[in-house]
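[1] need a 3D model of the sequence below.
(one chain, ligands or ions: 1)
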Amino acid sequence: MISFSVALDPNKGIGYKGALPWHLKDELKLFKQNTLFKNIVMGQTTFDGLPRKLEDRYITVISLDPEYRVEGVSVVNDLIAFLEEHKEDETEYIICGGASIYRQSYPYCSKAYVSFVKEEYETDTKFDAFDLNDWDIVKEEDHPDFIYRELIRKKAE
Ligand SMILES: NC(=O)c1ccc[n+]([C@@H]2O[C@H](COP(=O)([O-])OP(=O)(O)OC[C@H]3O[C@@H](n4cnc5c(N)ncnc54)[C@H](OP(=O)(O)O)[C@@H]3O)[C@@H](O)[C@H]2O)c1
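    Here you go, the predicted model:
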């Protein structure tokens, strides 16, 4: 199964100058809680921009560079082949960005963990493909700076 985890502002903004536009401690805590000891998948740009290593997660980095290697991390050069291979797996693979990886993975995702950041931020990276109408909300939590929702993709009619 493929899912994604994202935090986005009211304009679907997700990034600014290679980093998150905000620093929301509770949101990072939720991200950790949702991904601990799971398979997470992220683009090279996002991985290289992490402020520190994410412990206790099985990380796959998507890169077009066939020479790209990082110790303790799997590297995949073909995102679509990876998604096709794992879309029916019982094991969950959580897509964790950035923009280009979210966009290409979106049609494959059947579940989502989304933090809707309440304030508008200056952003240069968006997750335009995301449309809340594609999803049923199965869980919702109101936090001071964001609304957290778990989503399951609506069945085709
Ligand atoms: N708000 C959030 O929840 C959240 C989460 C994650 C990231 N972000 C933000 O998103 C921004 C980064 O996003 P981004 O779009 O610039 O980068 P990205 O999606 O993290 O990484 C793109 C990388 O993947 C490679 N790639 C793209 N498509 C591929 C494919 N089909 N097969 C193999 N490799 C492929 C690209 O290669 P090329 O460069 O050669 O095209 C590039 O190295 C940052 O600001 C980050 O903080 C926000």
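[2] report whether stretch 15-22 contacts the ligand.
    Yes. Stretch 15-22 reaches the ligand (Cβ under 6 Å from any ligand atom) through Gly15, Gly18, Ala19, Leu20. C-betas here are computed from N, CA, C, even on glycine.
[3] the second one and Pro51, how far apart?
    Which is Gly18. According to Cβ to Cβ, to the nearest Å, Gly18 and Pro51 sit 11 Å apart.
[4] these two: which is more packed in?
    Shown here are Gly18 and Pro51; by other Cβ atoms under 10 Å, Gly18 has more neighbours (12 against 7).
[5] what pLDDT is listed against that one?
    Gly18 carries a pLDDT value of 88.
[6] spatially nearest residue to it (excluding sequence neighbours)?
    Once flanking residues are discounted, Gly18 sits nearest to Gly49: 4.7 Å by Cβ to Cβ, 6 or more residues apart in numbering.
[7] wait, that neighbour touches Ala19, no?
    Yes. Distance between Gly49 and Ala19: 5.8 Å, which falls inside the contact criterion (Cβ atoms under 8 Å).
[8] and the furthest pair within the residues of stretch 15-22 next to the ligand?
    Comparing every pair within the residues of stretch 15-22 next to the ligand by Cβ to Cβ identifies Gly18 and Leu20 as the most remote, at 9.5 Å.
[9] averaging pLDDT per element, find the lowest-scoring helix or strand in the chain.
    None of the helices or strands of the chain scores lower by mean pLDDT, DSSP states H and E than helix 44-48, at a mean of 94.
[10] Asp136 in helix, strand or coil?
    Assigned by DSSP: H, G, I helix; E, B strand; the rest coil, the conformation of Asp136 is strand.
[11] count of residues packed around it?
    Neighbourhood size, Asp136 [other Cβ under 10 Å]: 11.
[12] which stretches of this protein have low pLDDT?
    In the predicted model, the chain carries pLDDT under 70 at residues 157.
[13] tell me which residues in the longest helix along it are buried?
    In the chain, with assignment by DSSP state H, the single longest helix is helix 25-35. For helix 25-35, burial by neighbour count (16 or more other Cβ atoms under 10 Å) applies to Glu27, Leu30, Phe31, Asn34, Thr35.
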